[in-house]
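Q: structure of the sequence below:
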Amino acid sequence: MPALSDKPPRRHDLIGPIGLLLILAILAGGYFLFPWLLSVISYQDCIASGRITGC
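A: This next block holds a predicted model:
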C-alpha cells in the first residue's frame, strides 16, 4: 500500500487568477473606450439637434 506522501502534488486552480485577469481586462477596456464612446454619442446628439457648426 503506497504512503499518502507518494501522491503527486496537487495542481493549482487557475480559475481565480483567470477570473481576476478577465475582470481587470474588462475594467481597463471600459476605462479606455469610455471617452471615445462619449465623444461619438455627443457628436451624434449634436448632429441630431440640428447644430451643424460648433460640434
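
Q: and the residue nearest the centre of the chain, what helix or strand is that in?
A: In the chain, the centroid-proximal residue (C-alpha atoms, centre = their mean) is I26; its distance is 0.7 Å. Under the criterion of DSSP states H and E, I26 resides in helix 15-48.

Q: run the chain-centre distance for that helix.
A: Taking the mean of its C-alpha atoms, helix 15-48 sits 8 Å from the chain's own mean (C-alpha atoms, centre = their mean, to the nearest Å).

Q: cool, and stretch 38-50?
A: With C-alpha atoms, centre = their mean, you get 26 Å for stretch 38-50.

Q: now do that stretch, average pLDDT.
A: Across stretch 38-50, pLDDT averages out at 81.

Q: so how far is I15 from F32?
A: 26 Å (C-beta to C-beta, to the nearest Å). C-beta coordinates here come from the backbone N, C-alpha and C atoms, glycine included.

Q: what's the answer for S39, then?
A: Using C-beta to C-beta, S39 is found at 37 Å from I15.

Q: got it, and S42?
A: 40 Å.

Q: helix, strand, or coil at R10?
A: With DSSP: H, G, I helix; E, B strand; the rest coil as the basis, R10 sits in coil.

Q: what's around V40, how many residues?
A: 10 (other C-beta atoms under 10 Å).

Q: could you do L14 as well?
A: 9.

Q: likewise for the one 5 residues further on?
A: By the measure other C-beta under 10 Å, the count of residues near G19 is 10.

Q: C46 now?
A: 14.

Q: swap in K7?
A: 8.

Q: number the residues from 43 up from this point.
A: I'll keep to 43 as the first residue from here, and by that count the last item is K49.
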